[in-house]
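> Sequence plus predicted model, see below.
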Amino acid sequence: MSAPKKMTKSHYYAVEEFFWKRLTDSADPDIRRLRQIGKEICGVASTERRLAAHLGGGDKAFKLLSNEIPARTRFQIPSMRVLERTLPAFHAEAQKYPADFFRALNLGSCHLVSGLNIEGSFGAAAGYASQDDASVSSITVSLTGDPHASLSKQLQAAKRAFHHELSHAVHFAFRIEGGNSLQRRWWEPFEKRSARTDADGKTETFARSYGRTNDAEDVATVAESLFDSTMSRLLRARGAREPLLQKKIQAVERMYYALSDGKMDATFWKDLQRGTTIDEKYWASRAASAKDPGGESYRLELKRHRSYFDVLRRVDALQFDEQRDEKAINLYFEAMKKLPADDPDLREYARLAARRINTYDKDRLDEKIALYERLLSLAPKSFWFVYNRLAGYYADRGRAGDKALARKTYERGIKALPQEKTLFERLIKRLSE
Ligand SMILES: [Zn+2]
């Protein structure tokens, strides 16, 4: 009897079962390599590659992880049998979003795990989403969920968790320190406090009671329901009777419309509910569809605000108080230049930038003055206190001529913000006291 020349599926299963404890110690490069061989043999690798290409929106930096342990969690890496069973279905769920959606999302990684447990108060969970300092989000989804449930129930829960966590990534894509007008408008139906608390303890305005936790969970529970044909039918029927719930459904649909560049439109939602297969072929055939008037205004608004998000991401990534990052500062000012000067949101963004700069190098007034000067030249219609702070820096520096520069700063303020004239005049008066 001669040894088989090639490793087969059943060989790999045997290896995995025998070495399971070591396999879960995924830091060992040999073990990882063995896993990878197993993935090729069992046909999982190709599905993983296609899934990663889709979720990453074509970005090579995107990581689909099914061998590694994400921070702060206890779980098992999914066995090859679990991956074989669930990954094709998971891939089908991901196809419900066109490539444009993932290109817009800034998703850095997706962890696929088994029996997820989050440290701290969360305990057993179906998944979670997080965002790093550079606004790159990552999602973790448990493929198996409750080990006592049937396999089909487990898969159903995994699918729901996937859409749920993705919607958190959507939320992150707009979450900006202090908020902005676009985020506030889009999230409006979810921010009504009275609606959240539902005085009588009922949950009519929520997809499910977990949505009462906060606005992000409210959005996520509506979103996850829309991607399942049965749940979506029930939710929409309830929405027809409950105006606030209806508004929430609409708001979520429009966010997806905007993020998919108009591809996830009313026809798409109807097709999805009808059980139409949504895959690459579907998206190719839908490319030239009719526009959705409600979603279209969201799409245009998103387009207009994209440059703002860009700026704010850069501001958020700056660490002025630790070490001056010249490249980041320049990137930030370059992005700022692209913003229309008369836009009311620009004020809000300039305010946040001013606050960041204010924390930078407390004693190096020259550099702070230079940054504020650049800021005000790009956003002259900033808040009055930005002028006030710059004038204050000049006064603090106290070189010959600095008092005059402080005064000039206030005069520039009057020109840019005539409505604040009285205030600026008072500040000028105080300066000469
Ligand atoms: Zn959630």
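Received the coordinates, thanks. Treat the numbers as computed from the prediction; the structure is a model and nothing was measured.

> Now do the helices in the stretch 101-250 of the chain.
151-174, 181-186, 193-197, 215-226, 229-241, 243-259 (DSSP state H, counting those that start in this stretch).

> Quick check: which of these is buried the most?
Sort those by mean neighbour count, taking mean count of other Cβ atoms under 10 Å, and helix 215-226 sits at the top with a mean of 23. Where you see a C-beta, it was placed from the backbone N, CA and C, and this is true even at glycine.

> Tell me who's in contact with residue 340.
Residues counted as contacts of residue 340 (Cβ atoms under 8 Å, 6 or more residues apart in numbering) are residue 346.

> Tell me if I am right that it is in a strand.
No. Applying DSSP: H, G, I helix; E, B strand; the rest coil, one finds residue 340 to be coil, outside a strand.

> And it, how far from residue 351?
Using Cβ to Cβ, to the nearest Å, one obtains 17 Å as the distance from residue 340 to residue 351.

> can you check residue 215 too?
Counting by Cβ to Cβ, the gap from residue 215 to residue 351 is 23 Å.

> Check residue 377 too.
16 Å.

> Kindly report the same for residue 329.
For residue 329 relative to residue 351 (Cβ to Cβ), the value is 17 Å.

> Residue 150 too?
For residue 150, the distance to residue 351 - Cβ to Cβ - is 54 Å.

> Of these two, give the one with the bigger neighbour count.
When residue 150 and residue 351 are compared for neighbours, residue 351 comes out ahead with 17 against 9, by other Cβ atoms under 10 Å.

> That one - that's part of a helix, no?
Yes. Counting by three-state DSSP, residue 351 is located in a helix.

> 21 is where my numbering starts, stick with that
Got it, the first residue is 21 from now on, which makes the last one we talked about residue 371.

> now it, nearest residue through space, not along the chain?
Leaving aside its sequence neighbours, residue 371 sits nearest to residue 403 (Cβ to Cβ, 6 or more residues apart in numbering; 5.3 Å).

> how about the one you found, what does it touch?
Contacts were defined as Cβ under 8 Å, 6+ apart; by that measure residue 403 touches 367, 370, 371, 374.

> What distance do you get for the second one to residue 376?
Think residue 370. From residue 370 to residue 376 the distance is 11 Å (Cβ to Cβ).

> Going by mean pLDDT, which of the helices of the stretch 121-270 of the chain comes out lowest?
When the helices of the stretch 121-270 of the chain are ranked by mean pLDDT, helix 213-217 comes last with a mean of 54.

> what helix or strand is residue 441 on?
Assigned by DSSP states H and E, residue 441 belongs to helix 441-451.

> surely residue 440 meets residue 434?
Yes. At 7.3 Å, residue 440 counts as touching residue 434 under the criterion of Cβ atoms under 8 Å.

> Other residues contacting stretch 316-323?
So stretch 316-323 is contacted by 202, 205, 206, 274, 275, 277, 278, 279, 281, 282 (Cβ under 8 Å, 6+ apart).

> dump the residue contacts of the fourth one.
Taking Cβ under 8 Å, 6+ apart as the contact definition, residue 274 lies against 206, 314, 315, 317, 318.

> So among those, which ones count as buried?
Buried by 16 or more other Cβ atoms under 10 Å: 206, 315, 318, out of the contacts of residue 274.

> and the gap between residue 72 and residue 110?
In terms of Cβ to Cβ, residue 72 sits 12 Å off from residue 110.

> Could you do residue 356 as well?
From residue 356 over to residue 110 (counting by Cβ to Cβ), the distance is 40 Å.

> any idea of the mean pLDDT for stretch 131-150?
Taken as a whole, stretch 131-150 carries a mean pLDDT of 71.

> Burial check on the residue nearest to residue 357 when sequence neighbours are not counted, number of neighbours?
Counting by Cβ to Cβ, 6+ apart, residue 398 is the residue found nearest to residue 357 once chain neighbours are left out, at 6.1 Å. Number of residues near residue 398 (other Cβ under 10 Å) recorded here: 18.

> so residue 398 makes contact with residue 353?
Yes. Contact criterion Cβ under 8 Å: residue 398 and residue 353 qualify, at 6.8 Å.

> Got the phi and psi for residue 420?
phi -60, psi 130 (degrees, to the nearest 10).

> tell me the contacts of it?
Counting by Cβ under 8 Å, 6+ apart, residue 420 touches no other residue.

> Return the distance of it relative to residue 414.
For residue 420, the distance to residue 414 equals 12 Å [Cβ to Cβ].

> if I pick the closest residue to residue 393 other than its chain neighbours, what's in contact with it?
Take residue 393 and drop its neighbours on the chain: the residue closest to it by Cβ to Cβ, 6+ apart is residue 410, 7.1 Å away. Taking Cβ under 8 Å, 6+ apart as the contact definition, residue 410 lies against 389, 392, 393, 396, 429.

> So residue 410 lies in a helix, does it not?
Yes. Under three-state DSSP, residue 410 falls within a helix.

> Can you name the element that comes right after the helix or strand harbouring residue 324?
Following DSSP H and E, one finds residue 324 within helix 313-337. Under the assignment DSSP H and E, the closest C-terminal helix or strand after helix 313-337 is helix 346-357.

> Now do the buried residues in that following helix.
Buried, per 16+ other Cβ under 10 Å, within helix 346-357: 349, 351, 352, 353, 355, 356.

> Output the contacting helices and strands for that helix.
helix 313-337, helix 364-378, helix 385-398 (3 or more Cβ pairs under 8 Å, 6 or more residues apart in numbering; DSSP states H and E).

> Throw those into a markdown table and include distance to residue 231, thanks.
Converted to a markdown table, the helices and strands packed on helix 346-357 look like this (distance: least, Cβ to Cβ, whole Å):
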| stretch | distance to residue 231 |
| --- | --- |
| helix 313-337 | 21 |
| helix 364-378 | 28 |
| helix 385-398 | 40 |
